[in-house]
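Engineer: here you go, sequence then predicted model.
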Amino acid sequence: MQTDETYHYALIRRALDEIDAAEGPLSLDDLAERMSMSPAHFQRTFSRWVGVSPKRYQQYLTLGHAKSLLRNRFSVLDTAHSTGLSGGGRLHDLFIKWEAMSPGVYAAKGEGLTINWGWFDTPFGETLAMGTEKGLCGLAFTSECGRDAAMEDLCSRWPNATFVEGPQMLQRWIDGAIGGTQTQVVMIGAPLQIKVWEALLQIPSGHVTTYSELARAVGAPRAVRAVGTAVGRNPVSWLIPCHRALRKSGALGGYHWGLPVKRALLAWESARAEGKAG
């Protein structure tokens, strides 16, 4: 059964396809007609999901929006202000408490870990969530790759772990993530990956940075390619915001769960940031 969350994202995904195929900006009437909806219903749906008009949101979805973000909302990362891997506290618009597993756990490929998993609806479509008793360790969006690919992807990261279907254990963390109250994340990765993911957590919602800035922030300014790979290997999509990393040129770069999802994430956060500023 499709919930409001999945319905809204599916609508945005269809709208993005129409915007890309059009030769120029689409009016509210044109876009609503292509969605097979009345203009009034389309407007209400947009406002309920993101809080701005379809016309304004359409501007956020354009490929040129990334360049605008780099000009106006670029974040310079300063490791001196890091709160530390074992720390907690308010990070941007979410309460996230995170912990890094030891390198030994990563090297053992999850051996001895029991990882619970379940399917959940989020503002960006269906998500596969995974977690240990300490917190969420995996979030994968399925709208572009499908359920099977998402499951295979996350399970392959910790092949020696025991995977158990257990959405009830994860529900409170998913609710916290969606509601912006409190959630817990456990990072399972190599040392460089952990540093990069920690740096990503310093980027406020509605802002972006570059891969080269991330490399500088983790003390590896010449390892931009390796840092980019670490960004792409982030297993906890959305909460560890790898979608906020762009190329210096303003190009979006890659996104493990599909560029349409990355564009929708950036547009959604920009709209929310604008709403708070107003």
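Structural biologist: Yes, it's here.

Engineer: was I right about residue 215 contacting residue 224?
Structural biologist: Yes. Taking CB atoms under 8 Å as the definition, residue 215 is a contact partner of residue 224 at 4.7 Å. (C-beta placed from N, C-alpha, C; glycine too.)

Engineer: okay, now the domains of this protein?
Structural biologist: 4-73+258-277, 79-246 (automatic domain parsing).

Engineer: any idea which of those scores lowest on pLDDT?
Structural biologist: Per-stretch mean pLDDT for those is lowest at domain 4-73+258-277 (a mean of 78).

Engineer: and residue 140, what helix or strand is that in?
Structural biologist: Secondary-structure assignment from DSSP states H and E places residue 140 in strand 135-141.

Engineer: picking up where we left off before, got the domains of the chain as TSV, with distance to residue 252 and mean neighbour count columns?
Structural biologist: As requested, the domains of the chain are exported to TSV (distance: least, CB to CB, whole Å; neighbours: other CB atoms under 10 Å):
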stretch	distance to residue 252	mean neighbour count
domain 4-73+258-277	5	17
domain 79-246	6	18
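
Engineer: centroid residue for this protein?
Structural biologist: A centroid search over the chain (CA atoms, centre = their mean) returns residue 238, at 2.2 Å, as the residue closest to the centre.

Engineer: and the helices in the stretch 101-250 of the chain, which stretches?
Structural biologist: Assigned by DSSP state H, counting those that start in this stretch, the helices in the stretch 101-250 of the chain fall at 103-107, 147-157, 167-179, 191-200, 211-217, 224-232.

Engineer: as JSON lines, these with distance to residue 15 would be great.
Structural biologist: As requested, the helices of the stretch 101-250 of the chain are arranged in JSON lines below (distance: least, CB to CB, whole Å):
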{"stretch": "helix 103-107", "distance to residue 15": "40"}
{"stretch": "helix 147-157", "distance to residue 15": "23"}
{"stretch": "helix 167-179", "distance to residue 15": "22"}
{"stretch": "helix 191-200", "distance to residue 15": "28"}
{"stretch": "helix 211-217", "distance to residue 15": "29"}
{"stretch": "helix 224-232", "distance to residue 15": "26"}
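
Engineer: quick check: which of those helices is nearest to residue 121?
Structural biologist: Distances from residue 121 to each of these were compared by CB to CB, and the smallest falls on helix 167-179, at 8.7 Å.

Engineer: kindly export the closest one (C-alpha atoms) in CSV.
Structural biologist: Presented in CSV, the C-alpha positions along helix 167-179 are these (Å, rounded to 0.1, in the frame of the first residue of the first chain):
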residue,chain,number,x,y,z
PRO,A,167,11.8,-3.6,11.4
GLN,A,168,10.4,-3.2,14.9
MET,A,169,13.9,-2.7,16.3
LEU,A,170,14.6,0.0,13.8
GLN,A,171,11.3,1.9,13.9
ARG,A,172,12.2,4.4,16.6
TRP,A,173,15.4,5.4,14.8
ILE,A,174,13.5,5.8,11.5
ASP,A,175,10.8,7.9,13.2
GLY,A,176,13.5,10.1,14.8
ALA,A,177,15.2,10.6,11.4
ILE,A,178,12.0,11.6,9.7
GLY,A,179,10.6,13.6,12.5
